[in-house]
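> Model the structure of this input:
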Amino acid sequence: MTADPLDILHATFGFSGFRGVQAQVVGRVMAGLGTLAVMPTGAGKSLCYQLPALARTGTAVVISPLIALMHDQVRSAEGFGIKAATLTSADDDRAETMRRFRDGDLDLLYVAPERASNESFRNLLQATELSLFAIDEAHCVSEWGHDFRPDYRLLRPLLDRFPDVPRLALTATADAHTRADILQQLGLPQDGLIVAGFDRPNIRYQISPRDGLAQQLKAFIADQPGAGIVYAPTRDATDRIATQLAGLGRSTRAYHAGLDPAVRQRNQRDFVASEDMVMVATIAFGMGIDKPDVRFVAHAGLPKSIEAYYQETGRAGRDGEPAVAQLFWGAEDFARARRRLAEVDETRMAGERTRLAALGMLVETSDCRRAILLRHFGETPPTRCGNCDNCLSPPATVDVTEVARKLLSAAFRTEMRFGVGHLLDVLAGHDTEKVIANNHNRLSVYGIADEEELKLVRPVARVLIARDALRADEYGGLSFGPSARAILKGEEPVGLVMAPKRERKRKSRDAQEHPHDPLFEALRARRREIAMAKGVPPYVVFHDSTLREMAGLHPTTMAGLAQVTGVGEAKREAYGEAFLEVLRGWQG
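Numbers count the residues shown, from 1 in each chain. You can find the predicted model right below:
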C-alpha cells in the first residue's frame with residue numbers, strides 16, 4: 001500500500017511542490033527503479049529518500065559514512081514526525097532499535113557501511129519489509145572519487161540479496177568518471193543517472209593569496225553574520241587559528257582528532273546549536289553535521305582538489321540563504337601538494353596531477369570562479385555569475401612573462417637549489433653573504449631586474465609554483481617543473497592577477513537581500529527559546545527561510561500558518577501556538 005507523495009510532501013514537510021529534480025528521483029524510487037542522484041548540497045537530497053520511506057510500505061535503510069551525521073539526520077527527521085533511528089557502535093539503545101525495526105516501527109534506519117556489509121546485519125534485514133536502500137555520500141564507493149572508503153565497495157552483496165528493493169545512491173560531488181564508477185559498483189542502470197547540476201547560486205566565492213593570515217581571517221569574519229567554519233590544514237594550525245580568533249567577541253571553538261573525544265563532541269554539539277559560533281577545524285569536520293544555517297566557510301589553506309573544495313564550501317548556505325566561501329592560499333600549499341604526489345600510487349598519479357592543475361587555474365584566474373568550478377563538473381555555465389569576487393570586482397591582469405623568465409633563469413643559473421628570497425637578492429644585485437659565498441654575484445642574472453620587476457618577483461614565484469613551472473622542495477629550494485621550458489623560450493605567456501584595492505566595507509549579501517526585520521528577529525527569539533527547552537538546534541524547529549516567510553505573510557491562525565513553506569503537520573502541532581502568539585501580538 002503506497003500513499004500519494006505530493007500529499008506527504010505538503011502534510012509532513014510543508015512544501016507545496018518538489019524542487020529541481022526531486023520529482024524525478026522520487027518518481028523512480030516509487031516505481032522501484034535503481035537511481036543515482038547527483039544533487040548539490042542544499043537541493044533536498046534527504047527528502048528524496050525520506051518521502052518514499054513514508055510513501056512505500058516497510059523501512060528504508062540509509063547507509064551514511066559518519067555517526068554524528070546520522071544522529072543529526074535522525075534529529076531532523078524526528079522534527080517532521082518521521083520515525084527514525086540509528087544502529088551504530090555509539091548507540092546504547094541498539095537492542096531497542098532492533099526491536100522497533102523487527103516490529104516495523106521505523107520509517108528510517110541509519111547505519112554505517114561497516115555494519116551494512118556484515119553478515120549479521122544482512123540477516124537482520126530479513127526480519128521486516130524494506131521500502132528502499134539509500135546510499136548517502138555515494139562518491140565514497142569510487143576509487144576515482146576524492147573521498148574513497150573501501151567499506152562502500154562491500155555494499156553490493158547486501159543490495160543484491162534484496163533485488164526487489166529499490167536502491168538510491170546520492171552525492172553532491174562526482175565528476176563523470178566517478179559517476180560511471182558509482183553506477184557500476186552499486187549495480188545501478190545507466191538510465192538511472194539524474195544530475196541536477198552543481199551550481200550553488202547563493203554562495204559567493206572569494207579567493208585571495210595569504211598575506212598575514214590571522215588579520216585576513218579576522219577582517220573576513222568580522223564582516224560575516226551567523227555561524228561559520230574555518231578549515232585549517234593541520235591540528236597545530238587549527239589550535240593556533242582558534243586562539244587568534246578568540247578575541248573577536250564571538251564564541252570560537254576548535255575541532256580535530258587530537259582533542260579529547262568528549263571535548264570534540266561538546267564543541268560540535270555547541271556549534272550545531274549555535275547561531276553565530278566560529279568553528280576552526282580540520283576537514284573531517286562538517287561531513288558529520290547536518291547544519292543548514294552555516295553562513296560562511298573559510299579555508300586557511302588549499303583544499304586537496306576542486307571536488308573537495310566544492311564539498312567543503314557546500315557546507316555553507318544549505319538553507320538556500322546567502323553564504324560566503326573564502327579561500328586563502330599560498331605557493332607553499334602547491335609545493336606541499338606536489339611533494340605528496342610522490343606517495344600516490346602510479347595508477348592514480350595522472351588524475352591527481354590533473355586535480356592539482358585545476359586548483360591552480362581556480363586560484364589564479366581573473367575570470368569567473370563559479371564558471372571554472374561548474375566547467376570542471378562538465379557543465380557549460382555563463383561566462384559571468386555576478387556572485388564571485390572576480391565578477392563583483394574584476395581584477396586587472398598584468399603581463400609578467402619577462403619577470404617570470406628572469407626568475408626561471410636565476411633558478412637555473414644557481415643550480416636550482418635556492419629559495420625565492422635568495423633569487424630575489426641575485427636578481428636585485430645585492431651583495432649578501434650568501435650571494436658572495438656562492439659566487440652568484442658573477443652570474444649573468446646578477447642585478448638584471450629593475451625596481452618595478454623586483455616588486456613582482458614573489459607574486460610571480462607564487463604563480464609559477466601554482467602552474468608547476470617551479471617546484472619547491474621541503475627546504476624552499478626552487479627547481480624547474482614541466483611548464484618551465486615553454487615560459488623560458490617565450491612560447492607561453494605569464495599573467496599576474498592584480499586584486500583590486502579593497503573598497504570600503506561592502507554590505508553583506510544577506511544584509512542587502514534581507515533588511516533588518518524586527519518581527520523576524522522576534523520569531524527567531526521564540527525559536528531560540530523553544531530549541532533550548534527541547535534541547536535541539538534552532539534549525540530543527542524551523543529554518544530561517546520559514547521564519548522570513550512567516551514574518552512576511554503574518555498569519556494569525558493555524559490555517560494561515562499551514563500555508564507557510566516548511567510548516568508541516570507535526571511542526572504545526574508542536575510549535576504553532578507558540579509562534580502564533582508572537583504573530584498575533586506583533587504591532588509592527
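> Check the gap between residue 117 and residue 69 for me.
Counting by Cβ to Cβ, to the nearest Å, the separation of residue 117 from residue 69 is 18 Å. C-betas here are computed from N, CA, C, even on glycine.
> so what's residue 275 up against?
By Cβ atoms under 8 Å, 6 or more residues apart in numbering, residue 275 lies in contact with 226-227, 293, 524, 528, 538.
> wait, residue 35 sits on residue 28?
Yes: judged on Cβ atoms under 8 Å, residue 35 makes contact with residue 28 at a distance of 4.5 Å.
> quick one: common contacting residues for those two?
166, 168, 192, 194.
> if we take those residues, which one ends up nearest to residue 261?
Nearest to residue 261, judged by Cβ to Cβ, of the shared contacts of residue 35 and residue 28 is residue 168 at 32.4 Å.
> Confirm for me that that closest one is in contact with residue 37.
Yes: using Cβ under 8 Å, residue 168 is in contact with residue 37, at 6.7 Å.
> anything in contact with each of those two?
Looking at what touches both residue 168 and residue 37 (by Cβ under 8 Å, 6+ apart), the common residues are 25, 48.
> higher neighbour count, residue 35 and residue 28?
Using other Cβ atoms under 10 Å as the criterion, residue 35 and residue 28 rank with residue 35 on top: 25 against 21.
> how far away is the more buried one from residue 168?
In terms of Cβ to Cβ, residue 35 sits 5 Å off from residue 168.
> before we move on, what about residue 249?
Taking Cβ to Cβ, one finds residue 249 at 45 Å from residue 168.
> so who does residue 42 touch?
Per Cβ under 8 Å, 6+ apart, neighbours of residue 42: 200, 202, 292, 314, 317-320.
> ok so, going back, pick the one among the shared contacts of residue 35 and residue 28 closest to residue 47.
Set against residue 47, the nearest of the shared contacts of residue 35 and residue 28 by Cβ to Cβ is residue 168 (11.6 Å).
> What is the neighbour count of that closest one?
Going by other Cβ under 10 Å, the residues that sit close to residue 168 add up to 28.
> Tell me the strands beside whichever strand or helix holds it, with direction?
Here residue 168 sits within strand 167-171, counting by DSSP states H and E. As defined by DSSP bridges, the strand partners of strand 167-171 come to strand 35-38 (parallel), strand 130-135 (parallel).
> Let's have the ones you listed in TSV, adding distance to residue 406 and mean pLDDT.
Formatted as TSV, the strands paired with strand 167-171 follow (distance: least, Cβ to Cβ, whole Å; pLDDT from 0 to 100):
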stretch	distance to residue 406	mean pLDDT
strand 35-38	46	96
strand 130-135	54	97
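> now, of those strands, which is deepest in the fold?
strand 35-38 (a mean of 26; mean count of other Cβ atoms under 10 Å).
> Next, the buried residues of whichever helix in the chain runs longest.
Longest helix in the chain by number of residues (criterion: DSSP state H): helix 346-364. If you call a residue buried by 16 or more other Cβ atoms under 10 Å, then helix 346-364 has these buried ones: 352-353, 355-356, 358-360, 362-364.
> okay if I get the residues you listed as TSV plus distance to residue 439?
As requested, the buried residues of helix 346-364 are exported to TSV (distance: Cβ to Cβ, whole Å):
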residue	distance to residue 439
352	39
353	36
355	41
356	36
358	41
359	38
360	34
362	41
363	37
364	35
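> export the residues you listed to JSON lines and tack on distance to residue 106 and pLDDT?
Below are the buried residues of helix 346-364 laid out as JSON lines (distance: Cβ to Cβ, whole Å; pLDDT from 0 to 100):
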{"residue": "352", "distance to residue 106": "42", "pLDDT": "81"}
{"residue": "353", "distance to residue 106": "46", "pLDDT": "82"}
{"residue": "355", "distance to residue 106": "40", "pLDDT": "83"}
{"residue": "356", "distance to residue 106": "44", "pLDDT": "86"}
{"residue": "358", "distance to residue 106": "43", "pLDDT": "88"}
{"residue": "359", "distance to residue 106": "43", "pLDDT": "92"}
{"residue": "360", "distance to residue 106": "48", "pLDDT": "89"}
{"residue": "362", "distance to residue 106": "43", "pLDDT": "94"}
{"residue": "363", "distance to residue 106": "46", "pLDDT": "93"}
{"residue": "364", "distance to residue 106": "51", "pLDDT": "89"}
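> closest to residue 370 among the residues you listed?
Distance ranking of the buried residues of helix 346-364 against residue 370, using Cβ to Cβ, places residue 362 first at 10.3 Å.
> Run through the residues that contact the closest one.
207, 306, 309, 369, 372-373.
> Now which of the contacts of residue 42 would you call buried?
Buried among the contacts of residue 42 (16+ other Cβ under 10 Å): 200, 202, 292, 314, 317-320.
> What is the nearest of those to residue 438?
residue 314 (48.9 Å).
> contacting residues around the residue nearest to that closest one when sequence neighbours are not counted?
Once flanking residues are discounted, residue 314 sits nearest to residue 41: 3.7 Å by Cβ to Cβ, 6 or more residues apart in numbering. Residue 41 makes contacts with 172, 200, 311, 314-315, 318, as judged by Cβ under 8 Å, 6+ apart.
> now residue 41, what's its secondary structure?
Following DSSP: H, G, I helix; E, B strand; the rest coil, we place residue 41 in the coil state.
> Can you list phi and psi of it for me?
phi -60, psi 140 (degrees, to the nearest 10).
> ditto for residue 324
Phi and psi for residue 324, reported as degrees, to the nearest 10, are phi -130, psi 140.
> wait, what's in contact with it?
203-204, 206, 224, 295-297, 316, 508-509.
> need the residues you listed in JSON lines with secondary structure, can you?
Shown next, in JSON lines, are the contacts of residue 324 (three-state DSSP):
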{"residue": "203", "secondary structure": "strand"}
{"residue": "204", "secondary structure": "strand"}
{"residue": "206", "secondary structure": "strand"}
{"residue": "224", "secondary structure": "coil"}
{"residue": "295", "secondary structure": "strand"}
{"residue": "296", "secondary structure": "strand"}
{"residue": "297", "secondary structure": "strand"}
{"residue": "316", "secondary structure": "coil"}
{"residue": "508", "secondary structure": "coil"}
{"residue": "509", "secondary structure": "helix"}
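> Nearest to residue 103 among the residues you listed?
Among the contacts of residue 324, and counting by Cβ to Cβ, the member closest to residue 103 is residue 316, at 40.2 Å.
> quick one: residue 309 is in a helix?
Yes: under three-state DSSP, residue 309 sits within a helix.
> That one: neighbour count?
With other Cβ under 10 Å as criterion, residue 309 counts 27.
> what pLDDT does it get?
Turning to residue 309, the model gives it a pLDDT of 93.
> so how far is residue 43 from the residue of the chain positioned farthest from its centre?
In the chain, the residue that sits farthest from the middle, by Cα atoms, centre = their mean, is residue 442; the gap is 51.5 Å. Residue 442 sits at a distance of 63 Å from residue 43 (criterion: Cβ to Cβ).
> before we move on, back to that, angle of the following helix or strand past the strand holding residue 168 against helix 346-364?
The helix or strand immediately downstream of strand 167-171 is helix 176-185, counting by DSSP H and E. In terms of direction (axes from the mean of the first three to the mean of the last three Cα atoms, to 10 degrees), helix 176-185 departs from helix 346-364 by 140 degrees.
> For the stretch 101-250 of the chain, give me the ranges with low pLDDT.
144-147 (pLDDT under 70).
> And the helices in it?
For the stretch 101-250 of the chain, the helices defined by DSSP state H, counting those that start in this stretch occupy 113-116, 119-124, 156-161, 176-185, 213-222, 235-245.
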